[in-house]
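After the sequence you'll find the predicted model.
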Amino acid sequence: MRETVLQIFGNEKDLWFSIKPLITGSRQPKASLEEQIHARTDSGDKFCSFEISPPKSELDTCQLLRRLHSLYNICSPLFTAVTWHLDASMSASVYMQILAGNHRALRLAAAIGNINSVLLHLSCVGLTKRQVLQVLWCASDVGIRNIFALHGDRPAKINKFIFSSGFRYATDLVSFMHEKFGDYFTICVAGYPLGHPDGVSFEQDLLHLKEKVDVGASFIITQFFFEVSTFVNFVQWCRRIGITVPIIPGIMLIQDYPSLMHISRVCSVKVPKEVLDIIEPIKDNHEAVRKFGVHLAVQMVSHIFSYNYSCGAHFFTLNR
């Protein structure tokens, strides 16, 4: 009798216990994140990292920190990325919270920084150079030394003067940070194995990525994908055009069918037919979908590590 998907994946270990055997080596917290990543790349030691978002309430933040502490004891992530979204439409009160170091993203990043290296997202679209400079000083004041430099989503209505006096591309942000802070910050940038949603072509995306690296980015984290061949092809093309920095695959943790379809649509990442053929018959069984997501993530990371195209894996956790 043919097993159901739930039966096949019902005994799958929790993701982090499944990932742990793939991780080797130990963290070196006294070294910069750039030095740690390059050391792992040179030695071949494997590592993982997480992406989380600041919860809206203090209670949820405390619960998230407890879960993170447990995960750190299981698989010792090299770093934790904290998302936040700044743009020209942010209110004066939010901006004052940032300047006072009291913004929830800054506070969460500072708390995580006490036990793990932290990578803070910073999107530049719509922000002036003065605003970005002040934000970076505030990040520095709470001990943040690692920035994920992003372009960000362009607001529907944006003041042309603010846009022209700020940053048109993430490359401009990376260059500005390097100009003002030198090597103080380790800078990460995004790569798009399936092409940027707003990109003209895959080739043009690669050239833009190389520009970001040339002006100061130390490593790359990719957008998520569902086929290992997609990542392998992307890395090969990056190396061909002279991008030599470490490239870390972004791994989406499938939680349920609705969120998968929503995120894939928003990010313009097509879900392969092979994945849909498994998930759609069980789409109303969230637990079965989640267990398949665990299996898929572990399988992808195992293959990427075996191909030696990366020594790390970055998990988009969705705070779950």
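Sure thing, it's come through. Numbers count the residues shown, from 1 in each chain.

When you work out contacts or count neighbours from here on, use the C-alpha atoms and nothing else.
Fine.

I'd like to know how many residues surround residue 108.
A count of nearby residues for residue 108, using other Cα atoms under 10 Å, gives 22.

residue ranges of the strands in the chain, please?
Using DSSP state E, the strands found in the chain span residues 47-52, 79-82, 117-123, 146-150, 186-191, 219-224, 247-252, 312-316.

what comes up buried for stretch 127-144?
Residues 127-129, 131-133, 135-140, 143-144 are the ones in stretch 127-144 that count as buried (16 or more other Cα atoms under 10 Å).

again, but for stretch 225-236
For stretch 225-236, a neighbour-count test (16+ other Cα under 10 Å) marks 225-226, 228, 231-232, 234-235 as buried.

nearest to residue 301, of those residues?
Comparing the buried residues of stretch 225-236 against residue 301 with Cα to Cα places residue 228 closest, at 8.5 Å.

Look up how far residue 168 lies from that closest one.
Counting by Cα to Cα, to the nearest Å, the gap from residue 228 to residue 168 is 32 Å.

circling back to that earlier point, mind picking the lowest-pLDDT entry from the buried residues of stretch 127-144?
Of all these, residue 127 carries the smallest pLDDT score, 80.

Now tabulate the strands of the chain in JSON lines and tack on mean pLDDT.
Below are the strands of the chain laid out as JSON lines (pLDDT from 0 to 100):
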{"stretch": "strand 47-52", "mean pLDDT": "95"}
{"stretch": "strand 79-82", "mean pLDDT": "96"}
{"stretch": "strand 117-123", "mean pLDDT": "94"}
{"stretch": "strand 146-150", "mean pLDDT": "97"}
{"stretch": "strand 186-191", "mean pLDDT": "98"}
{"stretch": "strand 219-224", "mean pLDDT": "98"}
{"stretch": "strand 247-252", "mean pLDDT": "97"}
{"stretch": "strand 312-316", "mean pLDDT": "96"}
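
can the ones you listed go into TSV with extra columns for distance to residue 269 and mean neighbour count?
Output for the strands of the chain, formatted as TSV (distance: least, Cα to Cα, whole Å; neighbours: other Cα atoms under 10 Å):
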stretch	distance to residue 269	mean neighbour count
strand 47-52	18	23
strand 79-82	21	24
strand 117-123	21	26
strand 146-150	18	23
strand 186-191	13	24
strand 219-224	8	22
strand 247-252	11	26
strand 312-316	14	24
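
closest one to residue 291 among the ones you listed?
strand 247-252 (13.2 Å).

just checking, what packs against the closest one?
strand 219-224, strand 312-316 (3 or more Cα pairs under 8 Å, 6 or more residues apart in numbering; DSSP states H and E).

Reformat those as TSV; add distance to residue 183.
TSV is the format used below for these (distance: least, Cα to Cα, whole Å):
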stretch	distance to residue 183
strand 219-224	14
strand 312-316	23
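
Low-confidence stretches in the stretch 101-250 of the chain?
Scanning the stretch 101-250 of the chain for pLDDT under 70 picks out 101-102, 153-165.

Next, find the distance separating the residue most central in space within the chain from residue 221.
Most central in the chain under Cα atoms, centre = their mean is residue 51, positioned 5.4 Å from the mean C-alpha point. According to Cα to Cα, residue 51 stands 11 Å off from residue 221.

Now list whatever residues contact both of these two.
Residues touching both residue 51 and residue 221 (Cα atoms under 8 Å, 6 or more residues apart in numbering): residue 314.

ok, now which ones touch residue 191?
Contact analysis of residue 191 by Cα under 8 Å, 6+ apart lists 209, 220-223.

which among those gets closest to residue 181?
The closest of the contacts of residue 191, once distances to residue 181 are taken by Cα to Cα, is residue 220, at 19.7 Å.

The closest one contacts residue 247, doesn't it?
Yes. Using Cα atoms under 8 Å, residue 220 is in contact with residue 247, at 4.7 Å.

Give the residues shared as contacts by these two.
Common neighbours of residue 220 and residue 247, using Cα under 8 Å, 6+ apart, do not exist here.

Let me know the distance separating the closest residue to residue 108 other than its chain neighbours from residue 272.
Closest residue to residue 108 apart from its sequence neighbours, by Cα to Cα, 6 or more residues apart in numbering: residue 54 at 6.7 Å. Separation of residue 54 from residue 272 (Cα to Cα) stands at 30 Å.
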